[in-house]
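Novice: what's the 3D shape of this:
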Amino acid sequence: MNTTIEYRKMRVEDIPAVVGIEEQSFATPWTEEVFAHEMNGNDYAHYIVAVHEDEVIGHCGMWVVLDECHITNVAVRKHMRGNGIGEALMRQAIELCKVNEVRLMTLEVRVSNETAKNLYRKLGFQDGGIRKNYYTDDHEDALVMWVEL
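Specialist: This next block holds a predicted model:
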């Protein structure tokens, strides 16, 4: 993609756009209330957004606790997918973790989500195990993945 995309810390005013992306992306999207709590009541939460022409087009959330990071969600607007934005968001998250001396990142991904699994493997994540019936909407298993930084 040859247009300018800015990656920055998420702001409270970004919440409605982020919720819209969640609704396009997940069977059980997070709500405005959840994101408001994450931003105002969770000291471990960090969120990065991708912005193109003043539109929030993607986000990546993580919880950083001591020297470990758990990726909570990564999503990109449907019309912007396939342009490397998800990868760039993950690379931004990895850099934030390195600056904060995080040694391990982990996440869960649907076992059927080959696109996401391929991206995470490209970034060095390894398969760690299966969480049976992890997703509440359809009881699909989650693959736990991790990477040492």
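Novice: Surely residue 132 and residue 143 touch.
Specialist: No. Counting by Cβ atoms under 8 Å, residue 132 stays clear of residue 143, with 11.1 Å between them. From N, CA and C alone the C-beta is placed, and that goes for glycine too.
Novice: Could you say which helix or strand holds the spatially closest residue to residue 29 that is not a sequence neighbour?
Specialist: Closest residue to residue 29 apart from its sequence neighbours, by Cβ to Cβ, 6 or more residues apart in numbering: residue 22 at 3.5 Å. Assessed by DSSP states H and E, residue 22 sits inside helix 15-25.
Novice: Quick one: mean pLDDT for the helix or strand following that helix?
Specialist: Downstream of helix 15-25, the next assigned helix or strand under DSSP H and E is helix 32-41. Average pLDDT, helix 32-41: 97.
Novice: now do stretch 140-149
Specialist: 98.
Novice: now that stretch, how far from the centre of its chain.
Specialist: How far stretch 140-149 lies from its chain's middle: 13 Å, per Cα atoms, centre = their mean, to the nearest Å.
Novice: next one: stretch 79-97
Specialist: Remark: stretch 79-97 is offset 8 Å from the chain centroid, using Cα atoms, centre = their mean.
Novice: contact partners of that stretch?
Specialist: Outside stretch 79-97, the residues that touch it by Cβ atoms under 8 Å, 6 or more residues apart in numbering are 1, 5, 7, 46, 48, 50, 52, 57-60, 62, 64, 69, 71, 74-76, 105, 116, 119-120, 122-123, 149.
Novice: Mark which of those are buried, thanks.
Specialist: Among the contacts of stretch 79-97, those scoring as buried are 5, 7, 46, 48, 50, 52, 57-60, 62, 64, 69, 71, 74-76, 105, 116, 119-120 (criterion: 16 or more other Cβ atoms under 10 Å).
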